[in-house]
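**Q** can you look at this prediction? I've put the sequence above it.
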Amino acid sequence: MTVVPITGVGSLGVIKDIAPHKLPMEAWSDGQNVRFLDDNAVRMLGQTQVFSTPSIVPGFLMNVPSPASSFWFYFSLTAAYVYDAGVHTLMTRSVGGAYTASAYRQWNGCLLAGVPIFNNGVDVPQYWSALSVGTRLANLPNWTSTLRAKVIRAFGPFLVALNLNDNGTLLPQSIQWSHPADPGTIPTSWDYTDATKDARRTHLTDVKGGEIHDALLLQDILVIYKAASTHTLRYIGGVNVMSPSLLRLSGVLAPRCVCVINAGTQHFVVSQEDALIHSGSSSVLYPWSQKNRRYVFNDLDTTNYVNAFCYNDPDFNEACFAYPSSGQTYPNKEIFYNYRTGQQGFRDFDGTTADTGDFTDTTGTQWNSLSGSWDSQTSQWSVASRRRLLYGAPALTKIFAKNVGYAFGASTPTVFLERTGLMLQKDGVQYTNRKLLKRIWPKYRGSALLYVRLGAQEETDGVVTWQARKLYDPAQKYLDFEAPGRLPAVRFELEGNAPGQLEGYDLEFEPLSGPGP
């Protein structure tokens, strides 16, 4: 008998683009709803509904902080509400009628020195003149009535409008910024022809770069993303006020497919052909390369990819790309990448928008409701009254807090890790002859039920023959199987809305006759 220990099962995460037999033993060839922490594989935390039932479908969500409260705005295609202190309040403009957005992805927002600005590209941009639920949103004053912009962002004291429609004339490569506003106020002018003002209009002239999709602040620059190029905008003062510059010839997949990560020092971007991380310079990291890039782009729906979006999960230092898989309209899954440690994996996800802000959770888990030992708990300590990641799920008309509990709303998710094509190694020798897997020792902690399957395949591209799954009994420490073949396979499945943590496993096998591949 030969026993091979496999450790560090959380060190690499899930890698789908490389053939399993070429992966290190500690990597996973498939998995869902498992996070990788401290070299362990941990059952993914779930989500719970907050704010009771929204008054409208929450297609776009944005937090607005204030010294006295933390307001949560949410928008449908035609209306706006805010949640504060247990109450949902209608905030749709009193003058101008219902909004006329045709897709949730059209909404975007920003804070200009604390003043909330909301925009959808088809209506006049909205602003909130007083941080009070007694004041509704209103059309942005001093805005040119015939001008529309697909995106509006704050840049210092300026508002910057991008991808313009000027009285019916489409200017998809144009940007226009306002005259600077005093703190706590809105711009007094957008007139770029007035020499006494600092408002200007300019054009990003790389025609092959396509139209402008989005823009986000990155330290002291505004990074502008077109379909196939990326530009920066810097404040220089003087006559020109701002200076645009081409950064690279790759852009962004669709609006919202970029987010700020790592305490505001980097952007995570999903482009037309890859995912990348940058700090506003030519230096770029490609986190999906040779790991999951090919899988994600093959899995992405070819029509509804425009509904995909990126967001930062600061609780776990994860850059997330939520996307609709083939046949889906809105995101139904996400790939997450830990930008501190490098691991990545996949999670079920049913939202169209996400934001982080202060939120007091009054439904926290009590000590006496926990199951298992203290060591088996994988939740974060004391998450009440702190910044939380919330997301809107329009299909359910619900707003969820992520990373809470283990249930995924009202459902129990499928949680598994799988590794096929194992080239078992010991003392530097690869065991590629036929073998009979006899026993597995999972190193597992937690109260979720752990089911294990062993299997094997004869060729690297062959079909895995799986044995019937068995329930792991921690008191017994091991499970016995009979799985013959050249390349072993193992699958772990967790059931029940409870914690579970895999720290490694040992495989025992005996050689069988027959040459290796």
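**A** In hand now; what should we look at?
**Q** tell me which element the spatially most central residue of the chain falls in.
**A** In the chain, the centroid-proximal residue (CA atoms, centre = their mean) is Cys320; its distance is 2.2 Å. Here Cys320 sits within strand 318-323, counting by DSSP states H and E.
**Q** so what does that strand touch, helix or strand wise?
**A** For strand 318-323, the elements it packs on are helix 293-299, strand 309-313, strand 333-338, judged by 3 or more CB pairs under 8 Å, 6 or more residues apart in numbering; DSSP states H and E. All C-beta atoms are positioned from the backbone trio N, CA, C, and that covers glycine.
**Q** can I get those in a markdown table including mean neighbour count and mean pLDDT?
**A** Listed next are those as a markdown table, based on neighbours: other CB atoms under 10 Å; pLDDT from 0 to 100:
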| stretch | mean neighbour count | mean pLDDT |
| --- | --- | --- |
| helix 293-299 | 17 | 98 |
| strand 309-313 | 24 | 98 |
| strand 333-338 | 23 | 98 |
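**Q** quick one: neighbours of Asp38, just the number.
**A** Asp38 has 10 neighbours, counted by other CB atoms under 10 Å.
**Q** let me fix that, I meant to ask about Asn262.
**A** For Asn262, the count of nearby residues is 16 (other CB under 10 Å).
**Q** thought it was touching Tyr339?
**A** Yes. The criterion here is CB atoms under 8 Å, and Asn262 meets it with Tyr339 at 5.7 Å.
**Q** overlap in contacts of these two?
**A** Common contacts of Asn262 and Tyr339 (CB atoms under 8 Å, 6 or more residues apart in numbering): Asn317.
**Q** thinking again about what came up before, of all the helices and strands packed on strand 318-323, which one is nearest His267?
**A** His267 sits nearest to strand 309-313 of all those, at 9.1 Å, using CB to CB.
**Q** convert the closest one to CSV, retaining C-alpha atoms only.
**A** Provided in CSV are the C-alpha atoms of strand 309-313 (Å, rounded to 0.1, in the frame of the first residue of the first chain):
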residue,chain,number,x,y,z
PHE,A,309,-20.6,43.6,-14.0
CYS,A,310,-17.6,43.7,-11.6
TYR,A,311,-17.6,44.5,-7.9
ASN,A,312,-15.2,44.4,-5.0
ASP,A,313,-15.9,42.2,-2.0
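**Q** returning to that earlier point: got the angle between the strand holding Cys320 and strand 333-338?
**A** Put simply, strand 318-323 runs at 160 degrees to strand 333-338, going by axes from the mean of the first three to the mean of the last three CA atoms, to 10 degrees.
**Q** direction included, what does strand 318-323 pair against?
**A** strand 309-313 (antiparallel), strand 333-338 (antiparallel) (DSSP bridges).
**Q** from the middle of its chain, how far away would it be?
**A** Relative to its parent chain, strand 318-323 has a centroid offset of 2 Å by CA atoms, centre = their mean, to the nearest Å.
**Q** mean confidence for that strand?
**A** Across strand 318-323, pLDDT averages out at 98.
**Q** am I right that Trp190 sits in a strand?
**A** No. The assignment for Trp190, made by DSSP: H, G, I helix; E, B strand; the rest coil, is coil rather than a strand.
**Q** how near is Val160 to Thr232?
**A** Computed as CB to CB, to the nearest Å, the Val160 to Thr232 distance reads 12 Å.
**Q** more neighbours, those two?
**A** Shown here are Val160 and Thr232; by other CB under 10 Å, Val160 has more neighbours (22 against 18).
**Q** just checking: what are the partner strands of the helix or strand where the more buried one lies?
**A** In this structure, Val160 sits in strand 158-166 according to DSSP H and E. With DSSP bridges as the test, strand 158-166 is paired with strand 147-155 (antiparallel), strand 169-177 (antiparallel).
**Q** most packed of these?
**A** Greatest average neighbour count among the strands paired with strand 158-166 goes to strand 147-155 (a mean of 22), per mean count of other CB atoms under 10 Å.
**Q** chain center to that one: distance?
**A** Using CA atoms, centre = their mean, the offset of strand 147-155 from its chain centre is 23 Å.
**Q** same check, this time on stretch 150-161
**A** 24 Å.
**Q** contacts for it next, please.
**A** Contacts of stretch 150-161 (CB under 8 Å, 6+ apart): 106, 108, 110-113, 117, 119, 121, 125, 147, 149, 162-163, 175-183, 186-187, 190, 198, 212-217, 222, 233, 235, 242, 255.
**Q** distance check, Val239 against Asp315.
**A** 46 Å.
**Q** which of the two has more residues huddled nearby?
**A** Of the pair Val239 and Asp315, Asp315 is the one with more neighbours under other CB under 10 Å, namely 16 against 8.
**Q** leaving out the residues flanking it, which one is nearest to that one?
**A** Asn403 (5.3 Å; CB to CB, 6 or more residues apart in numbering).
**Q** got it, and Pro394?
**A** Nearest residue to Pro394 in three dimensions, chain neighbours excluded: Val57, at 4.4 Å (CB to CB, 6+ apart).
**Q** on the three-state scheme, the one you found is what?
**A** Under three-state DSSP, the three-state class of Val57 is coil.
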